[in-house]
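In: need coordinates for the below:
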Amino acid sequence: MFEIVQAALEPFDFQNSIGYRQDLVELEIPSTEQQEKVDEIKKAVEDALAAGGKDYVEVKIRKYNLAKREQYARWSDAVSGIAHEFKTYKKYKVSGVGYQSKEGLMRIFITMKMKSTDEGAAEHASDLYSMAEEFIKSDEIWPHVKEDPYKIVVRTKDKKEFVVEEGEKRFK
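Out: As a prediction, the model looks like this:
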């Protein structure tokens, strides 16, 4: 099946991901691609599979947002660096680090092992926020992500979010 699909995709210079299962071929295509070309690619693969005696194999197209994927790639080093630092050392009391892009805004989530009511939780959240901000603005990370708006979200074990508003630092 692999050889059949590769041969069918060759004229299209297909550079995207391909998933294979016993009865399914899944092609990833950027959402910016013209629908006519997507249909042409799908038909070429279906026809090649049928000609190769594999007409029972379904061909699915999965479209992805290219801009969002590129944004995640830009931020992966920053987030993995923050996660490595905070999760390697117990003193940081961090249970998780993640990120999400929504409407162009990259949000970095840092989840503390502390509750908002624990002694020193606000100061600790403030320190985590500052360290993450400093890392993002470092000479090795900032040139890769500086065009993207971002927000650092520090959360507690009891799901309270640390905020800085009008000079006041607190949980909400």
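
In: now do the top helix by length along the chain: which elements does it pack against?
Out: Counting residues, the longest helix in the chain under DSSP state H turns out to be helix 66-88. For helix 66-88, the contact count by 3 or more C-beta pairs under 8 Å, 6 or more residues apart in numbering; DSSP states H and E identifies strand 94-102, strand 105-112, helix 121-136, helix 142-145 as packing neighbours. Glycine gets a C-beta too; all of them are placed from N, C-alpha and C.

In: including mean pLDDT, mean neighbour count and distance to Ala51, could those go into JSON lines?
Out: What follows is the helices and strands packed on helix 66-88, written out as JSON lines (pLDDT from 0 to 100; neighbours: other C-beta atoms under 10 Å; distance: least, C-beta to C-beta, whole Å):
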{"stretch": "strand 94-102", "mean pLDDT": "95", "mean neighbour count": "16", "distance to Ala51": "41"}
{"stretch": "strand 105-112", "mean pLDDT": "96", "mean neighbour count": "20", "distance to Ala51": "45"}
{"stretch": "helix 121-136", "mean pLDDT": "94", "mean neighbour count": "17", "distance to Ala51": "52"}
{"stretch": "helix 142-145", "mean pLDDT": "92", "mean neighbour count": "14", "distance to Ala51": "45"}
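
In: make CSV out of those and add distance to Lys68.
Out: What follows is the helices and strands packed on helix 66-88, written out as CSV (distance: least, C-beta to C-beta, whole Å):
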stretch, distance to Lys68
strand 94-102, 5
strand 105-112, 10
helix 121-136, 19
helix 142-145, 14
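
In: doesn't Glu26 fall inside a helix?
Out: No. Read with DSSP: H, G, I helix; E, B strand; the rest coil, Glu26 is strand and lies in no helix.

In: element containing Arg170?
Out: Assigned by DSSP states H and E, Arg170 belongs to strand 168-171.

In: tell me the buried residues in that strand?
Out: Buried residues in strand 168-171, counted by 16 or more other C-beta atoms under 10 Å: Phe171.

In: and if you look at stretch 75-91?
Out: Using 16+ other C-beta under 10 Å as the test for burial, stretch 75-91 gives Trp75, Ala78, Val79, Gly81, Ile82, Ala83, Phe86.

In: nearest residue to the most centrally placed residue in the chain other than its sequence neighbours?
Out: Closest residue to the average C-alpha location of the chain: Tyr72 at 4.5 Å, with C-alpha atoms, centre = their mean. Nearest residue to Tyr72, sequence neighbours excluded (C-beta to C-beta, 6 or more residues apart in numbering): Ser101, at 6.4 Å.

In: residues in contact with the one you found?
Out: By C-beta atoms under 8 Å, 6 or more residues apart in numbering, the contact set of Ser101 is Lys68, Gln71, Tyr72, Trp75, Arg107.

In: using PDB, write out the CA atom coordinates for the longest helix of the chain.
Out: This file holds the C-alpha atoms of helix 66-88, laid out as PDB (Å, rounded to 0.1, in the frame of the first residue of the first chain):
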ATOM      1  CA  LEU A  66      -0.700  26.000   8.600                       C
ATOM      2  CA  ALA A  67      -0.300  29.300  10.500                       C
ATOM      3  CA  LYS A  68      -1.200  27.700  13.800                       C
ATOM      4  CA  ARG A  69       1.200  24.700  13.100                       C
ATOM      5  CA  GLU A  70       4.000  27.100  12.300                       C
ATOM      6  CA  GLN A  71       3.300  29.100  15.500                       C
ATOM      7  CA  TYR A  72       3.400  25.900  17.600                       C
ATOM      8  CA  ALA A  73       6.800  25.100  16.000                       C
ATOM      9  CA  ARG A  74       8.100  28.500  16.900                       C
ATOM     10  CA  TRP A  75       7.100  28.100  20.500                       C
ATOM     11  CA  SER A  76       8.100  24.500  21.100                       C
ATOM     12  CA  ASP A  77      11.700  25.300  22.200                       C
ATOM     13  CA  ALA A  78      10.400  28.000  24.600                       C
ATOM     14  CA  VAL A  79       7.800  25.800  26.200                       C
ATOM     15  CA  SER A  80      10.000  22.700  26.400                       C
ATOM     16  CA  GLY A  81      12.800  24.800  28.000                       C
ATOM     17  CA  ILE A  82      10.400  26.200  30.600                       C
ATOM     18  CA  ALA A  83       8.900  22.700  31.300                       C
ATOM     19  CA  HIS A  84      12.400  21.200  31.600                       C
ATOM     20  CA  GLU A  85      13.500  23.700  34.100                       C
ATOM     21  CA  PHE A  86      10.300  23.800  36.200                       C
ATOM     22  CA  LYS A  87       9.600  20.100  36.200                       C
ATOM     23  CA  THR A  88      13.200  18.900  36.800                       C
END
